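Asker: let me see the structure of the following:
(2 chains)
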Amino acid sequence: MRALHTAATGMMAQELSVQVISNNIANMRTTGYKRQRAEFQDLLYEHVSRIGTQTSTQGNILPVGIDLGGGVRTVGTPRIMTQGTLLPTGNEFDVAIRGDGLFKILLPDGTFAYTRDGSFQMDAQGRIVTPKGNVVQPGITIPPNSTSITINAQGQVSAQVAGQTTPQVLGQLTLTRFVNKAGLQPIGDNLFVETPASGPPQDGTPNTDGYGDLQQGNLEQANVEAVTEISDLIAAQRAYEMNAKVITASDQMLSATAQMMR
Amino acid sequence: MENAVLVGLSRQIALHRELEVVANNIANLNTTGFKSDGSVFEEFLMPAARASGFQGPDRRLSYVQDRATWHNLNPGTIQQTGNPLDVAIDGDAFLVVQTARGERYTRNGSLQINAQGELVTTAGDRVLGDNGPIQFQATDHSISINADGTITVREGANTTSDSARGKLRLVRFERVQQLQKDGSSMFAAPNGVAPLAAAANVRVLQGSIEQSNVRGVVEMARMIEVTRTYTQIASLLQQANDQRRSAIEKLAEVPA
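Answerer: Residues are numbered from 1 along each chain as shown, chains lettered A, B, ... in the order given. Now for the predicted structure:
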């Protein structure tokens, strides 16, 4: 009985949906997190009687056919890359991006990763790093004894170095854009890496060409909306239950068949 | 005598098929742009077995057969997602998708941009505009899709004027029931059925998707109906079988 397998695909899909929703809810307070959505499509159809089949030698054709579907499949979990709200923190190393770009981070293995999470720190050598200690590109070193570090909307980092009257420009932060941001691959730690689907990275200066400007002293919150997630969760749970009922119904029909022969 | 069993069997086979249709609808309860299916049954008349020795009028037996499944093309609920590349279609129209097997038509407006900057479905097939695939440039941002399907972007550092990137091709069909489901939320048009341009009052809603139009309650009710009918027919067949057995037992009794 195919209905059993069809309902099973439905249950698997809803299970995956709940998994995606739970990850969204778990990351509700994660800086720079972008929510995901499970996207489904119907499976292949068996065309039991095909539309347009000739039914007589006079050329009569079937106006409608019998198409039996085989269930549902998950086609992807696209990431919704909308802007999150900015939360003022007052911390001078917290930077939020208002726009399209991502920060470029150097990983220990020499490759680059990209992030929207701008909660940076200063390490022992005075470099601007992520909380995990990976250097934000291009590496900017802040000299010792410098105070009031400012990062302006264009990404220019300057600081008041002891013994100088004017602030000293220390470097320029760059942002990176991708044609298809949703195609980036998440590797955890709020980081993404380039994939063939995302397209090659394009580095640029903040606040130009739509790269987005930088907001010092702010953090970008996750773009997860609790209400949406909870209503999606309810929908997924109910759909799961209904698929389970289909399995029960198929089982009842099979058992009725089995009991016909006493 | 055996006809009761065969008539019942024809109904059971039809019910099996109907349950498969219901199961597929319920499995796609949360599939974007999915259109539910219904089943149509018809009476299939057979001349009675004339060779039997029964007296009485020459009755005709009516069997049942499932003649067709039909697409319920009612619109689904529009859900706001806020994603600029999600579109829902308000009105009788389909998006046109270019696949390896030819043009396909869909109501699933959960769109993406691929690495080449083309507008694609989640499965990666190109979505067609009035002049072929819709191509974005690497510096494009702030994508906006108007109610008539026109796609505009802000290009590079330009923050004041929009650049056009094409217009979504929207089509309708004179007889939508002729469309055939092709999986992946897409419909295929059979040979000789050509799409027509959609009516002018069809609107494209950016930042929303159309949910599945499957109504859980209706499908549950159909499913209960199917299982109950199936069980009833099973007991009817059981009775027919008992009747036959007792006939055999009675008739075969050899008088002492």
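Asker: ranges for the helices of the stretch 101-250 of chain A?
Answerer: Taking DSSP state H, counting those that start in this stretch as the criterion, the stretch 101-250 of chain A contains helices spanning A:226-259.
Asker: and it, which residues reach chain B?
Answerer: Remark: the part of the stretch 101-250 of chain A in contact with chain B comprises A:177, A:179-180, A:182-183, A:196-199, A:202, A:208-210, A:235-236, A:238-239, A:242-243, A:245-246, A:249-250, using Cβ under 8 Å from any Cβ of the partner chain. Bear in mind the C-beta positions are built from the backbone N, C-alpha and C, glycine included.
Asker: if any of those are buried, give me the PyMOL selection for them.
Answerer: Entered in PyMOL, the line below selects the buried ones among these, by 16 or more other Cβ atoms under 10 Å in any protein chain shown:
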select buried, chain A and resi 177+179+180+182+183+197+198+199+209+210+235+236+239+242+243+245+246+249+250
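Asker: how many neighbours does the nearest residue in space to residue B:39 that is not next to it in sequence have?
Answerer: Nearest non-adjacent residue to residue B:39, counting by Cβ to Cβ, 6 or more residues apart in numbering or on different chains: residue B:18, 4.7 Å away. Neighbour count for residue B:18, taken as other Cβ atoms under 10 Å in any protein chain shown: 25.
Asker: can you check residue A:128 too?
Answerer: By other Cβ under 10 Å, 25 other residues sit near residue A:128.
Asker: mind listing what it touches?
Answerer: A:93, A:120, A:121, A:122, A:135, A:136, A:139, A:140, A:142, A:157 (Cβ atoms under 8 Å, 6 or more residues apart in numbering or on different chains).
Asker: that one bridge partners, please.
Answerer: Residue A:128 has these beta-bridge partners by DSSP bridges: residue A:122.
Asker: would you mind giving me the confidence score for it?
Answerer: Residue A:128 carries a pLDDT value of 89.
Asker: on that earlier part again, relative to helix A:226-259, how tilted is the strand or helix carrying the residue nearest to residue B:39?
Answerer: Secondary structure assignment for residue B:18, by DSSP states H and E: helix B:3-27. In terms of direction (axes from the mean of the first three to the mean of the last three Cα atoms, to 10 degrees), helix B:3-27 departs from helix A:226-259 by 160 degrees.
Asker: mind pulling up the pLDDT for residue 85?
Answerer: The chain I'm using is chain A. According to the prediction, residue A:85 has pLDDT 90.
Asker: wait, chain B
Answerer: Listed pLDDT for residue B:85 reads 88.
Asker: what's the answer for the one 10 residues further on, then?
Answerer: The per-residue pLDDT reported for residue B:95 equals 93.
Asker: surely it and residue B:107 touch.
Answerer: Yes - the pair residue B:95 and residue B:107 qualifies as a contact (Cβ atoms under 8 Å) at a distance of 7.2 Å.
Asker: can you list residues touching both of those two?
Answerer: Common neighbours of residue B:95 and residue B:107, counting by Cβ under 8 Å, 6+ apart, are residue B:89.
Asker: low pLDDT regions in chain A?
Answerer: Under the criterion pLDDT under 70, the flagged ranges of chain A are A:261-262.
Asker: middle-most residue in it, spatially?
Answerer: Against the mean C-alpha coordinate of chain A, by Cα atoms, centre = their mean, the closest residue is residue A:79 at 2.9 Å.
Asker: next, the contact list for it, please.
Answerer: The neighbourhood of residue A:79, defined by Cβ under 8 Å, 6+ apart, consists of A:34, A:35, A:36, A:181, A:182, A:184, A:186.
Asker: farthest pair in those residues?
Answerer: Pairwise distances across the contacts of residue A:79 peak at 14.1 Å for A:35 and A:184 (criterion: Cβ to Cβ).
Asker: bridge partners for the residue nearest to the centre of chain A, pull those for me.
Answerer: residue A:36.
Asker: how near is residue B:240 to residue A:127?
Answerer: Distance, residue B:240 to residue A:127, using Cβ to Cβ, to the nearest Å: 86 Å.
Asker: to clarify, my last question referred to residue B:135.
Answerer: Residue B:135 is 40 Å from residue A:127, by Cβ to Cβ.
Asker: what residues of the longest helix along chain B count as buried?
Answerer: Across chain B, the longest stretch assigned as helix under DSSP state H is helix B:216-251. Along helix B:216-251, these residues count as buried under the neighbour rule (16+ other Cβ under 10 Å): B:216, B:219-220, B:222-223, B:226-227, B:229-231, B:233-234, B:236-238, B:240.
Asker: can you narrow those to ones near chain A?
Answerer: Checking the buried residues of helix B:216-251 against chain A (Cβ under 8 Å from any Cβ), the matches are B:216, B:219, B:220, B:223, B:226, B:227, B:230, B:231, B:234, B:237, B:238.
Asker: ok and the residue in the stretch 51-200 of chain A nearest chain B?
Answerer: Proximity of the stretch 51-200 of chain A to chain B (Cβ to the nearest Cβ) peaks at residue A:69, 3.4 Å away.
Asker: now that residue, nearest residue through space, not along the chain?
Answerer: residue B:24 (3.4 Å).
Asker: likewise residue B:234?
Answerer: Leaving out its chain neighbours, the residue that sits closest to residue B:234 by Cβ to Cβ, 6+ apart is residue A:256, at 4.0 Å.
Asker: ok, back up a step: need the buried ones from the contacts of residue A:128 selected in PyMOL.
Answerer: The following PyMOL line selects those of these that are buried, judged by 16+ other Cβ under 10 Å:
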select buried, chain A and resi 93+120+135+136+140+142+157
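Asker: domain parsing for the chain?
Answerer: Picked chain A for this. Using automatic domain parsing, the domain ranges for chain A come out as A:2-28+A:39-76+A:224-259, A:86-220.
Asker: that's the other chain; I wanted chain B
Answerer: Taken from automatic domain parsing, chain B resolves into B:3-73+B:214-250, B:78-210.
Asker: and the last one, how far apart are its ends?
Answerer: This points to domain B:78-210. Terminal residues of domain B:78-210 lie 5 Å apart, using Cα to Cα, to the nearest Å.
Asker: now it, how far from the chain's geometric center?
Answerer: 20 Å (Cα atoms, centre = their mean, to the nearest Å).
Asker: for the helix or strand containing residue B:41, packing partners?
Answerer: For residue B:41, the host element (DSSP H and E) is strand B:37-47. Packing contacts for strand B:37-47, counted by 3 or more Cβ pairs under 8 Å, 6 or more residues apart in numbering or on different chains; DSSP states H and E, involve helix B:3-27, strand B:60-71.
Asker: just the mean pLDDT for it, thanks.
Answerer: Averaged across strand B:37-47, the pLDDT comes to 77.
Asker: C-alpha coordinates for that strand, PDB please?
Answerer: This file holds the C-alpha atoms of strand B:37-47, laid out as PDB (Å, rounded to 0.1, in the frame of the first residue of the first chain):
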ATOM      1  CA  ASP B  37      -5.800  16.600  -5.900                       C
ATOM      2  CA  GLY B  38      -9.200  15.200  -5.800                       C
ATOM      3  CA  SER B  39     -10.500  11.800  -7.200                       C
ATOM      4  CA  VAL B  40     -13.400  11.300  -9.500                       C
ATOM      5  CA  PHE B  41     -15.200   8.000  -9.700                       C
ATOM      6  CA  GLU B  42     -17.600   6.800 -12.200                       C
ATOM      7  CA  GLU B  43     -20.000   3.900 -12.600                       C
ATOM      8  CA  PHE B  44     -18.800   1.300 -14.900                       C
ATOM      9  CA  LEU B  45     -21.700  -0.800 -16.300                       C
ATOM     10  CA  MET B  46     -21.400  -4.400 -17.200                       C
ATOM     11  CA  PRO B  47     -24.000  -6.600 -18.700                       C
END
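Asker: quick one: strands adjacent to it?
Answerer: strand B:60-71 (antiparallel).
Asker: buried residues in the partner strand, which are they?
Answerer: B:63, B:64, B:66, B:67, B:68, B:69, B:70, B:71.
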